[in-house]
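**Q** coordinates only, no sequence provided:
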């Protein structure tokens, strides 16, 4: 056994490079340990993570199946199942805990251990996984072996733990970096940054449909309401837009107070322009409905109805790193973005929720109606604005 376990340690120490995903690492590790004579039935790895919505991720292996990966929200820490779990005991004590499940169960035995008994598990142990940053995570090992884990089995498990913890930490850090970049700069921008597009001035031209929205009356609201309430308003308001933008293939690039900038990439030859603009319009209607619903539910709570304006345009943008040494922003700029910003102001003047440029409206002529020509700052020629036909007759401040 020792020689084979040594080979596993060497593989882990080399970064487990033969496996791509974290779940593949665990699957190969468990299969190799089983081949070395360790009678594993269920192995779980629980890694706490740095994420605004996710408390941690779990990886559970059983023989003959793929590893099951799941993630838990922060609210799990208030549940009885979590508070009484062996994993929490490890978190609190930084020491292993072992449960022999061959004798009669204790009166206060937790439900999870009763479930393990029902599966035929005879021995269950949870051990700490220490990362180099001092954070504590956990791995659990169980067996159906009639005699439980022997000293030789524990020796094999303990032998691989330090190297396994290093691999788990590396994979967790890589995922955390990706998650945080996705959360704070957007999924596409985050991928580009991780791929090495980090130099100031590094930018590329891109065809895109542009989404630029703004809340109506936000300045008045923020002056009148407590700061904590204003934050709540913004979070709930943006929740009406961000998921639907992402679900329809867009990427949110920036929040500017109560404003939001998003793009929907278009093929360089515009071959998918109709399809992309169709998705954008669908997202716009979805967001409009969600904001209207939020206003009905909470508008009186905030002292005024919640309204927003949305400008849609399509054109070429410059997408990349802009800023000063030591402080960059991955965003998009260009005349197309400027026009979208100006059109959003026109939407406010007209009392429209959704307004579009001539270029965007040309992709959905049956759904858009011309609203007239308007002088917009920074553009020599007047710009023709279009609105959704289903908003005809709406007045400023009216729900749309």
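**A** All right, it came through fine. The structure displayed is predicted, hence computed values, not measured ones. Numbering: from 1, shown residues only.
**Q** could you use CA atoms for every contact and neighbour count after this?
**A** Noted.
**Q** pLDDT score for residue 176?
**A** On pLDDT, residue 176 comes in at 85.
**Q** next up, phi/psi of it, please.
**A** phi -60, psi -40 (degrees, to the nearest 10).
**Q** list the residues that contact it.
**A** Residues in contact with residue 176 (CA atoms under 8 Å, 6 or more residues apart in numbering) are 49, 50, 51.
**Q** show me which of those are buried.
**A** residue 49 (16 or more other CA atoms under 10 Å).
**Q** elements contacting the longest strand seen in the chain?
**A** Ranked by number of residues, the top strand in the chain under DSSP state E is strand 308-324. If contacts are counted by 3 or more CA pairs under 8 Å, 6 or more residues apart in numbering; DSSP states H and E, strand 308-324 sits against strand 203-215, strand 327-333, helix 335-350, strand 354-357, helix 358-361.
**Q** specify the angle between that strand and strand 203-215 in degrees.
**A** 140 degrees (axes from the mean of the first three to the mean of the last three CA atoms, to 10 degrees).
**Q** the inter-axis angle of strand 308-324 versus strand 327-333?
**A** 130 degrees.
**Q** ranges for the strands of the stretch 51-200 of the chain?
**A** 54-61, 68-73, 97-100, 123-130, 136-143 (DSSP state E, counting those that start in this stretch).
**Q** could you say what helices and strands the shortest one packs with?
**A** Meaning strand 97-100. Going by 3+ CA pairs under 8 Å, 6+ apart, strand 97-100 lies up against helix 86-93, strand 123-130.
**Q** as TSV, these with distance to residue 266, mean pLDDT and mean neighbour count would be great.
**A** Shown next, in TSV, are these (distance: least, CA to CA, whole Å; pLDDT from 0 to 100; neighbours: other CA atoms under 10 Å):
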stretch	distance to residue 266	mean pLDDT	mean neighbour count
helix 86-93	47	94	18
strand 123-130	45	96	23
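**Q** nearest to residue 20 among these would be which one?
**A** strand 123-130 (20.9 Å; CA to CA).
**Q** starting at the chain centroid, how far to the closest one?
**A** From the chain centre to the centre of strand 123-130 is a distance of 29 Å (CA atoms, centre = their mean, to the nearest Å).
**Q** tell me the angle that strand makes with strand 136-143.
**A** 160 degrees.
**Q** who does strand 123-130 touch, helix- and strand-wise?
**A** helix 86-93, strand 97-100, strand 136-143, helix 151-185.
**Q** tell me the secondary structure for residue 364?
**A** coil (DSSP: H, G, I helix; E, B strand; the rest coil).
**Q** near it, how many other residues are there?
**A** 15 (other CA atoms under 10 Å).
**Q** how about residue 371?
**A** Neighbours of residue 371 (other CA under 10 Å): 15.
**Q** that one in helix, strand or coil?
**A** strand.
**Q** do the same with residue 228
**A** Applying three-state DSSP: residue 228 is helix.
**Q** give me the number of residues near it?
**A** Neighbours around residue 228, by other CA under 10 Å: 9.
**Q** so how far is residue 126 from it?
**A** For residue 228, the distance to residue 126 equals 41 Å [CA to CA, to the nearest Å].
**Q** now the lowest-mean-pLDDT helix or strand in the chain: how far from the chain's centre is it?
**A** Lowest by mean pLDDT, DSSP states H and E among the helices and strands of the chain is helix 187-194, with a mean of 73. Relative to its chain's centre, helix 187-194 lies at 13 Å (CA atoms, centre = their mean).
**Q** ok, and what's touching that helix?
**A** 178, 181, 182, 251, 330.
**Q** and these as CSV, adding distance to residue 93 and neighbour count?
**A** Putting the contacts of helix 187-194 into CSV (distance: CA to CA, whole Å; neighbours: other CA atoms under 10 Å) gives the following:
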residue, distance to residue 93, neighbour count
178, 30, 17
181, 33, 19
182, 34, 17
251, 43, 24
330, 42, 23
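**Q** tabulate these (CSV), appending distance to residue 159.
**A** Shown next, in CSV, are those (distance: CA to CA, whole Å):
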residue, distance to residue 159
178, 31
181, 35
182, 36
251, 45
330, 44
